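[1] only geometry, no sequence info:
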């Protein structure tokens, strides 16, 4: 489902119930085939896969949490989130910069399978990449959001919401 949503951000891709069910069926068949064809060390390999997911999602989580709790303080226009030409735009350079920085900084602290970053090696194989990635990505995001004009954003949201409300309300 996140893959389908990602496709929608690249262009017009209508998410229908049939496409969602189809995507779920494909994932179910592929994951079942992988499970049946898995090697004897499936649990270990699955642990490596979860480590990769943690490395990919940690900076994303940091950006989302920092944006929601510290930058916008929970004030969003749901309508504008789904508008690629709206106030939030299709891509947020601040979020992408913070994500990329957090991800790159995590790598020296990571242990994924046999791959061990230099800082993790210095720590005796201890993987501390997630807290590092959380703090770095959130810090970078907060730093670059200092130039964000939230009052203008709130006015634009209020104007968009007022224009879409039925008359008489």
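    Sure thing, it's come through. Keep in mind that this is a model prediction, so the values were computed, not measured.
[2] From now on I want contacts and neighbour counts done on CA atoms only, so please keep to that.
    Noted.
[3] Can you tell me how far residue 49 is from residue 98?
    Plainly put, residue 49 is 23 Å away from residue 98 if you go by Cα to Cα, to the nearest Å.
[4] what's the longest helix anywhere in the chain packed up against?
    Looking across the chain with DSSP state H, the single longest helix is helix 42-65. If contacts are counted by 3 or more Cα pairs under 8 Å, 6 or more residues apart in numbering; DSSP states H and E, helix 42-65 sits against helix 93-106, strand 111-112, helix 129-144.
[5] looking at these, which has the lowest confidence?
    Lowest mean pLDDT within these: strand 111-112, at a mean of 89.
[6] list the helices and strands it packs on?
    Partner elements for strand 111-112 (3+ Cα pairs under 8 Å, 6+ apart): helix 42-65.
[7] switch the cut-off to 6 Å
    If contacts are counted by 3 or more Cα pairs under 6 Å, 6 or more residues apart in numbering; DSSP states H and E, strand 111-112 sits against no helix or strand.
[8] for the record, mean pLDDT for stretch 64-73?
    Across stretch 64-73, pLDDT averages out at 92.
[9] Straight-line length of it, end to end?
    One end of stretch 64-73 sits 11 Å from the other (Cα to Cα).
[10] And the contacts of that stretch?
    74, 138 (Cα atoms under 6 Å, 6 or more residues apart in numbering).
[11] now swap in stretch 118-130 and tell me
    106, 108-111.
[12] same thing but at 10 Å, please
    Stretch 118-130 is contacted from outside by 51, 54-59, 62, 102-103, 105-112, 115-117, 136, using Cα atoms under 10 Å, 6 or more residues apart in numbering.
[13] what comes up buried for it?
    Under the neighbour-count criterion of 16 or more other Cα atoms under 10 Å, stretch 118-130 has 119-121, 127-130 buried.
[14] Find me whatever residue is spatially closest to the spatially most central residue of the chain, sequence neighbours aside.
    Computing the C-alpha centroid of the chain and ranking residues by Cα atoms, centre = their mean puts residue 60 first, at 3.7 Å. Distance criterion Cα to Cα, 6 or more residues apart in numbering; nearest residue to residue 60, sequence neighbours excluded, is residue 99 at 5.9 Å.
[15] about what we covered before: mind putting the helices and strands packed on helix 42-65 into TSV with distance to residue 14?
    Shown next, in TSV, are the helices and strands packed on helix 42-65 (distance: least, Cα to Cα, whole Å):
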stretch	distance to residue 14
helix 93-106	25
strand 111-112	36
helix 129-144	31
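[16] follow-up on the earlier one: quick check, the residue nearest to residue 60 in contact with residue 144.
    No. In this structure, residue 99 is not within contact of residue 144 by Cα atoms under 10 Å, at 12.0 Å.
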